[in-house]
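here is a sequence with its predicted model. Questions after.
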Amino acid sequence: MKQIKLTGRERSVLRYIDWNLGTKGGELLDCTRLEADDLVDVLNGLMEVGYVEMAPYAAHTDVATFREKTFEVNPGYSLDLRAAMMRP
């Protein structure tokens, strides 16, 4: 498998997602202290490559609806993402 490279914002968002239960978008907004537009862009990018999934399932989210959605780490990438988060 190829090596995962994460930006600082992606690391920040992944750090605040509960890897077992998922985290609501509103909680992520509070924890990450990113602007809503920026957070949605990061979440959509992570979902596009398959690292994060949204419940209820959708391919992308938007500023109007992301607060009620739950975001979860894709279990298929969890070990690789943990390793990528440990690298500088």
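Sure thing, it's come through.

from here on, contacts and neighbour counts on C-alpha atoms
Fine.

wait, Val42 touches Gly8, no?
No: Val42 is beyond contact range of Gly8, at 10.3 Å (criterion: C-alpha atoms under 8 Å).

these two: who's more crowded?
Val42 (20 against 10; other C-alpha atoms under 10 Å).

for the more buried one, pull up the helix or strand it's in.
Following DSSP states H and E, one finds Val42 within helix 36-48.

would you mark the buried spots in that helix?
36, 39-44, 46-47 (16 or more other C-alpha atoms under 10 Å).

again with stretch 6-26
6, 10-14, 16-17, 19, 22-25.

filter those residues down to just the ones in strands.
Cross-referencing those against strands under DSSP state E gives 23-24.

looking at the buried residues of stretch 6-26, spot the one nearest Thr70.
Lys24 (4.3 Å; C-alpha to C-alpha).

list the contacts of the residue nearest to the closest one when sequence neighbours are not counted.
Excluding the flanking residues, the one nearest Lys24 by C-alpha to C-alpha, 6 or more residues apart in numbering is Thr70, at 4.3 Å. Going by C-alpha atoms under 8 Å, 6 or more residues apart in numbering, Thr70 touches 22-25, 54-56.
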